[in-house]
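In: Got a sequence here, can you build the structure:
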Amino acid sequence: MAGLTAAAVATVGFLAYQAQASVPPSLKGAHGATASPTPAPTKAPRDQRHPAALPAGSGTGERVVYSVDDDRVWLVSASGRVENTFTVSPGSVDPLPGTYAVTSRSKAVTGTDGIPVEHVVRFTTVNGVVIGFSAAVPSGSGSAPTPDTSVKTGGIRESRADGEAMWMFATIGQKVVVIR
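Out: Just a heads-up that it's a prediction; the model follows:
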């Protein structure tokens, strides 16, 4: 049995070497390159007459689209219909343009800036900073608490109503497309 396993491992290794060796230099990645999100357009085209319209080139199918440049989110159905769109307030660390998936969710936690948040929907990490959508929970006085601006944050803040809409739409595995 050990002989068969060793032969199988050797065969797979040889085939992998052959496949790698036959890749043209123009298609090889940089030495030591690491995995990254699926690339998205550098700057998705915008409808100048309708600034809240879903940008062309922002993907297909059911998805959350987040524009880093416009601080706006679109919740898009499988048919491509915009179910909701709203503005957001980004944290101090932005995600790179690309396609991600929702990796975790929390009903209520304390953000890295010390603010209680709810409806947390996380989709990536940048240099150890977790990136996701959330809504700040108002303090007892009804106003939003003041965040600690000395820490790096990846929380993309929404209103409570928009946070509820995101929570209902973006379950684990939901596609998130980040554009410029």
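
In: which element is Trp167 on?
Out: Using DSSP states H and E, the element containing Trp167 is helix 160-169.

In: and that helix, C-alpha only, in PDB?
Out: Extracted in PDB, the C-alpha atoms of helix 160-169 (Å, rounded to 0.1, in the frame of the first residue of the first chain):
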ATOM      1  CA  ARG A 160     -29.300  50.900  11.200                       C
ATOM      2  CA  ALA A 161     -32.000  50.500   8.500                       C
ATOM      3  CA  ASP A 162     -29.400  49.800   5.800                       C
ATOM      4  CA  GLY A 163     -27.600  47.500   8.100                       C
ATOM      5  CA  GLU A 164     -30.800  45.500   8.500                       C
ATOM      6  CA  ALA A 165     -31.200  45.300   4.700                       C
ATOM      7  CA  MET A 166     -27.600  44.100   4.400                       C
ATOM      8  CA  TRP A 167     -28.000  41.500   7.100                       C
ATOM      9  CA  MET A 168     -31.100  40.100   5.400                       C
ATOM     10  CA  PHE A 169     -29.400  40.000   2.000                       C
END
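
In: what helices or strands is that helix leaning on?
Out: Judged by 3 or more Cβ pairs under 8 Å, 6 or more residues apart in numbering; DSSP states H and E, helix 160-169 is in contact with strand 72-76, strand 82-87, strand 116-126, strand 129-136. Quick note: C-beta positions are derived from backbone N, CA and C, even for glycine.

In: could you give the angle of the longest one to helix 160-169?
Out: Following axes from the mean of the first three to the mean of the last three Cα atoms, to 10 degrees, one obtains 60 degrees for the angle between strand 116-126 and helix 160-169.

In: Partner strands of strand 116-126, with direction?
Out: Strand pairing for strand 116-126, determined by DSSP bridges: strand 104-110 (antiparallel), strand 129-136 (antiparallel).

In: Surely Pro55 is in contact with Ser67?
Out: Yes. Look at Pro55 against Ser67 with Cβ atoms under 8 Å: they come within range, at 6.8 Å.

In: just to revisit the earlier point, tell me which of the strands paired with strand 116-126 lies nearest to Glu83.
Out: Proximity to Glu83 (Cβ to Cβ) singles out strand 129-136 among the strands paired with strand 116-126, at 15.0 Å.

In: who touches that closest one?
Out: 64, 66, 73, 88, 91, 93-95, 104, 111-112, 115-125, 144-145, 147, 152-160, 162-164, 166, 170 (Cβ atoms under 8 Å, 6 or more residues apart in numbering).
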